[in-house]
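S.K.: need coordinates for the below:
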Amino acid sequence: QVQLVESGGGLVQAGGSLRLSCAASGRTFGSTGMGWFRQAPGKEREFVSYISSSGAHTPYADSVKGRFTASRDNAKNTVYLQMNSLKPEDTAVYYCAAYYRGTINEMGSYNYWGQGTQVTVSS
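M.R.: Modelled structure (predicted):
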């Protein structure tokens, strides 16, 4: 069983930055890839980024590439999403999820999810 708790969301002006955190419970965290997804109002949940268990592999959605950076601290059982140069279209609830198997940008490949944290970017 894995429990995930996101934090760090908030209201920020366009061009600003936020760092999201996702604290995980469970002994297998260090060997588990983690994903970030987001869901804007009226839209489907979409892939944002993934970070492998070692942190060496970090693919991103094209919409956030060059602006967002995923990282992790396995000693703290925590993954992070640094979001820079935020845009109003980044407004969404952001979720972290524990990877199980399959394609990393598909929701069905993840078996545990956090409750989400709201990010609002004002223009």
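S.K.: secondary structure element holding the residue most central in space within the chain?
M.R.: The chain has residue 36 as the residue nearest its centroid, 2.5 Å off, counting by Cα atoms, centre = their mean. Element membership of residue 36 [criterion: DSSP states H and E] is strand 34-39.
S.K.: now do residue 104
M.R.: Counting by DSSP H and E, residue 104 is found in no helix or strand.
S.K.: what about it, distance to residue 33?
M.R.: Using Cβ to Cβ, to the nearest Å, one gets 7 Å for the distance from residue 104 to residue 33. Quick note: C-beta positions are derived from backbone N, CA and C, even for glycine.
S.K.: what about those two, which has more around it?
M.R.: Comparing residue 104 with residue 33 by other Cβ atoms under 10 Å, the one with more neighbours is residue 33, at 21 against 18.
S.K.: isn't that one right up against residue 51?
M.R.: Yes - between residue 33 and residue 51 there is a contact under Cβ atoms under 8 Å: 6.6 Å.
S.K.: find residues that contact each of those two.
M.R.: With contacts taken as Cβ atoms under 8 Å, 6 or more residues apart in numbering, residue 33 and residue 51 have residue 57 as neighbours in common.
S.K.: using the three-state scheme, assign residue 89.
M.R.: At residue 89 the chain is in helix, as set by DSSP: H, G, I helix; E, B strand; the rest coil.
S.K.: and it, what does it touch?
M.R.: Applying Cβ under 8 Å, 6+ apart, we find residue 89 in contact with 40, 63, 121.
S.K.: out of those residues, who's nearest residue 16?
M.R.: Of all the contacts of residue 89, residue 121 has the smallest distance to residue 16: 7.4 Å, by Cβ to Cβ.
S.K.: how many residues are close by that closest one?
M.R.: Residue 121: 20 surrounding residues under other Cβ under 10 Å.
S.K.: can you start the count at 25 instead of 1 from here on
M.R.: Let's use 25 as the start, then, which means that last one is residue 145.
S.K.: need the pLDDT of it.
M.R.: pLDDT, residue 145: 98.
S.K.: could you check how far it is from residue 88?
M.R.: Residue 145 is 12 Å from residue 88, by Cβ to Cβ.
S.K.: kindly report the same for residue 27.
M.R.: Taking Cβ to Cβ, one finds residue 27 at 26 Å from residue 88.
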